[in-house]
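Asks: Quick one, structure for this:
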Amino acid sequence: MTNKPKIRKNITNEEMEKNWIVRHDELRPKGIPLMFIDSIIPGHQRINYTLIGDTASENSDFTPEITEPHGFQLGMVKAAAGSGPAYHTHDYIESFLPLSGKWRFYWGNTEEEIEGETIIGPWDLISLPPGLWRGFENISEDESWIFAVLEQHEVFEGKDPYWPKKIVAEAEKYGFKADEFGKMIKPDNFKELEKEIADRLKMGEK
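Replies: Here you go, the predicted model:
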């Protein structure tokens, strides 16, 4: 992978504000409610935010807040109580640090069986190796935020994430699929569903 950061000199205040700083108040309305095929399934609905790099996605309609190559990828997730990403896996490392609330992480070595779990809170960190099946959910009473660091990888070059067959089948009930390159195949009513999920999760509010 050749996206090495460039050496930068003489960056002005204006350039820093425009290209290198992400203000949280400005970020909140830019979240992506349907970033993955599982995002339409009750219990897995959440808002994803791409801070640096492409992070992980099946929805190609997004742009990272900071586009300069960094050698790593950063994102955030905001989820309502009881919600979070469905069981899945990646070919790269993911690490998570809760910013608020309590989060249950669960994992296994196959898509059929969950073999372990833990609960983490703010300032705790969990790192998940490539190939380990994993899922997580906000077990707080209120919506909560979690910060994600991903090993650098290219999106839309193959299936990513990998979903269990039952999650794929459940997403298909709502018209959601992903092609062989990991891109979401959107139903005709995608925009209406996107707005519905965004309104339900109150994008832009704390």
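
Asks: ok, for Gly158, nearest residue in space, not its chain neighbours?
Replies: Closest residue to Gly158 apart from its sequence neighbours, by CB to CB, 6 or more residues apart in numbering: Gly182 at 6.0 Å. C-beta coordinates here come from the backbone N, C-alpha and C atoms, glycine included.

Asks: Next, count neighbours for the one you found.
Replies: For Gly182, the count of nearby residues is 20 (other CB atoms under 10 Å).

Asks: so it is in which element?
Replies: Under the criterion DSSP states H and E, no helix or strand holds Gly182.

Asks: Could you give the backbone dihedrals for Leu27?
Replies: Here is the backbone geometry of Leu27 (degrees, to the nearest 10): phi -70, psi -40.

Asks: Could you look up the SS state of the one residue sitting closest to the centre of the chain?
Replies: Per CA atoms, centre = their mean, the C-alpha nearest to the average position across the chain is that of Asn48, at 4.8 Å. Put simply, Asn48 is strand when judged by DSSP: H, G, I helix; E, B strand; the rest coil.

Asks: quick one: contacts for the residue lying closest to it once chain neighbours are set aside?
Replies: If you skip the residues right next to it in sequence, Asn48 has Met35 as its closest partner in space, 4.2 Å away by CB to CB, 6+ apart. Met35 makes contacts with Asn48, Ser57, Glu58, Asn59, Phe62, as judged by CB atoms under 8 Å, 6 or more residues apart in numbering.

Asks: thinking again about what came up before, look at the residue nearest to Gly158 and report its pLDDT.
Replies: We have a pLDDT of 93 for Gly182.

Asks: now swap in Gly204 and tell me
Replies: pLDDT, Gly204: 54.

Asks: how about low-confidence regions in this structure?
Replies: 1-4, 203-206 (pLDDT under 70).

Asks: all strands for it, in order.
Replies: Secondary structure of the chain (DSSP state E): strands located at 46-52, 72-79, 94-98, 103-108, 116-120, 126-128, 133-138, 144-151, 177-178, 184-185.

Asks: so the second one versus strand 94-98, what angle?
Replies: If I follow you right, that is strand 72-79. Orientation check (axes from the mean of the first three to the mean of the last three CA atoms, to 10 degrees): strand 72-79 against strand 94-98 gives 50 degrees.

Asks: Which stretches in this structure count as helices?
Replies: With DSSP state H as the criterion, the chain has helices at 13-19, 24-27, 165-172, 190-200.

Asks: now those in TSV, with mean neighbour count and distance to Gly135?
Replies: Formatted as TSV, the helices of the chain follow (neighbours: other CB atoms under 10 Å; distance: least, CB to CB, whole Å):
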stretch	mean neighbour count	distance to Gly135
helix 13-19	10	35
helix 24-27	11	25
helix 165-172	16	9
helix 190-200	15	19
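
Asks: Please identify which of those is closest to Ser39.
Replies: Across the helices of the chain, Ser39 has its closest neighbour in helix 190-200 (7.1 Å, CB to CB).

Asks: before we move on, back to that, what is the nearest of the contacts of Met35 to Ile93?
Replies: Sorting the contacts of Met35 by distance to Ile93 puts Ser57 at the head of the list, at 16.8 Å, by CB to CB.

Asks: Let me see the contact set for that closest one.
Replies: Neighbour list for Ser57: Ile32, Met35, Phe36, Asn48, Thr50, Val155 [criterion: CB under 8 Å, 6+ apart].
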